[in-house]
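S.K.: how would this look folded up:
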Amino acid sequence: MNTQVSAVAKDDIRTPMKAMGKAARDAANVLATVSGERKHAALIAMADSLWRNRTAILNANGIDMATAGENGISGAFLDRLELNEERIRGMCEGVRAIAELPDPVGTVIAEWDRPNGLHIERVRTPLGVIGVIFESRPNVTADAGALCMKAGNAVILRGGSDSFHSSRAIHQCLEEGLKAAGLPAEAIQIVPTTDRSAVGEMLKGLEGTVDVIVPRGGRGLVERVQSEARVPVFAHLEGLCHVYVDKSAKVEMAAEIAVNAKMRRTGICGAAETLLVDEAALDSHLAPVLDALHDAGCEVRGDEKVCRAWPQAVPAIGEDWATEYLAPVISVRMVGGVGEAIEHINRWSSHHTEAIIAEDAGAVARFFNEIDSAILLHNASTQFADGGEFGMGAEIGIATGKMHARGPVGLEQLTSFKYQVRGSGQCRP
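M.R.: Just a heads-up that it's a prediction; the model follows:
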């Protein structure tokens, strides 16, 4: 099927979008019973195609980068959009890693016997059809397509206008892999238009063919999806992540982790945006950590105590504690120990990812017990908030809700379950 939505007038977009939904449902029905071996073969073929066609992908990305530059797009946005050979290699490795993961479909999650002789199994099944709506990161095309297919789901991808050419070039490789393994090409579809009304059609569920929506992008996109979607949504609104440096932290470790958490990639949702430092560590820890951040090119916005102790800091204002900078900027506040750090995080956090740097086991236990974010880390960078780093092969996104999927959304989170009950003639009295 080659649904040319881009060639259809806006008033008529509903019809081809519904056709994509029906094709995805038909493909999902096929994938639900496909063997793990065939899905593995398709994924390996996808990875091979991505690498073989890397020049075409880079050329397509060059078009997107040039357009973004002409439009005055920010540096953080350009970083998310840009592809190079190393990042394409990373995409290939991610797809191969997904291929080698155990197939979740058909896995028995739990089983038990009843006194009446019934044997009950809870078994993983695909969700069905997943709609993924994303903005600037073209690598999401490969990650989402591979993960959904491995979990037995069909997927409809809708990338942003800024990554339009890059995403389509990547999708062609995924389609090539599906065909090589004899699987329906409609298992991974991409909406070939930048018309925003296509998003609205996906959020309506395409006449019941879409089972879940996953948005990947900025606050505006996620808010729209959460507001308008008529199907379940796996999402996080923003990544307002915190790092707390306790008085018991090793100074060198605290500095190294703070720099990595903020500066490794400033434009990702796992980048730290606020640093909290124990007042008891002001004389020993504050300057070394802030010096390291400054030397790495980070602007520091501090509260009054920070500014007095470290004059290079820019005075922070109230909105800094609620800002996801996605840039080399960090807000810094002195707190009266782990309790006040927890209070600050629980007030301002987006419940994405928080880290504590400490050697005090009691402080760590309290931090873990009293903060209700999706991911909590001890003595590690917040940039580990990633499905690949969790051993999931890759992720389709980070979810901060409390239903079904939370944290990195990997293979298991892209499945549901059903009960299989085996008897020997039992009838209920």
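
S.K.: Name the residues of the lowest-mean-pLDDT helix or strand in the chain that come out as buried.
M.R.: In the chain, the helix or strand scored least confidently by mean pLDDT, DSSP states H and E is helix 75-81, which has a mean of 81. Taking 16 or more other C-beta atoms under 10 Å as the neighbour-count basis, helix 75-81 is seen to contain the buried residues 76-81. Bear in mind the C-beta positions are built from the backbone N, C-alpha and C, glycine included.

S.K.: Same check on stretch 318-337?
M.R.: So, applying 16+ other C-beta under 10 Å, buried residues of stretch 318-337: 320-321, 323-335, 337.

S.K.: Mark which of the residues you listed are part of strands, please.
M.R.: In strands, judged by DSSP state E, the following of those are found: 329-335.

S.K.: can you pull out the helices in the stretch 1-150 of the chain?
M.R.: Read by DSSP state H, counting those that start in this stretch, the stretch 1-150 of the chain holds these helices, from start to end of the chain: 14-31, 36-52, 54-70, 75-81, 85-100, 139-150.

S.K.: The residue lying closest to Ile375 once chain neighbours are set aside: neighbour count?
M.R.: The shortest distance from Ile375 to any non-neighbouring residue, by C-beta to C-beta, 6 or more residues apart in numbering, is to Thr353 (4.2 Å). The burial count assigned to Thr353 is 31, neighbours taken as other C-beta atoms under 10 Å.

S.K.: Just the residues contacting the least confident helix or strand of the chain, thanks.
M.R.: By C-beta atoms under 8 Å, 6 or more residues apart in numbering, the residues outside helix 75-81 that reach it are 61, 64-65, 68-69, 73, 136-138, 162-163, 166, 265-268, 326-327.

S.K.: out of the buried residues of stretch 318-337, who's nearest Gly177?
M.R.: When the buried residues of stretch 318-337 are ranked by distance to Gly177 (C-beta to C-beta), Leu326 comes first, at 32.3 Å.

S.K.: ranges for the strands of the stretch 251-400 of the chain?
M.R.: In chain order, the stretch 251-400 of the chain shows strands spanning 272-278, 299-302, 314-315, 329-335, 353-357, 375-378, 398-399, with DSSP state E, counting those that start in this stretch as the criterion.

S.K.: Out of those, which one sits most buried?
M.R.: Ranked by mean neighbour count under mean count of other C-beta atoms under 10 Å, those are led by strand 353-357, which reaches a mean of 30.

S.K.: so what strands line up beside that one?
M.R.: strand 241-245 (parallel), strand 375-378 (parallel) (DSSP bridges).

S.K.: Kindly format the C-alpha coordinates of that strand as PDB.
M.R.: Output of strand 353-357 as PDB, limited to C-alpha atoms (Å, rounded to 0.1, in the frame of the first residue of the first chain):
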ATOM      1  CA  THR A 353      14.200  11.700  36.500                       C
ATOM      2  CA  GLU A 354      16.000  12.700  39.600                       C
ATOM      3  CA  ALA A 355      19.500  11.800  41.000                       C
ATOM      4  CA  ILE A 356      21.100  11.900  44.400                       C
ATOM      5  CA  ILE A 357      24.900  12.000  44.800                       C
END
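
S.K.: Also compute the angle for that strand relative to strand 272-278, please.
M.R.: Here strand 353-357 points in a direction 30 degrees away from that of strand 272-278 (axes from the mean of the first three to the mean of the last three C-alpha atoms, to 10 degrees).

S.K.: from the chain's centre, how far out does strand 353-357 sit?
M.R.: Computed by C-alpha atoms, centre = their mean, to the nearest Å, the chain-centroid distance of strand 353-357 equals 18 Å.

S.K.: what's the closest of the strands of the stretch 251-400 of the chain to Val409?
M.R.: When those are compared by C-beta to C-beta, strand 398-399 sits nearest Val409, at 5.4 Å.
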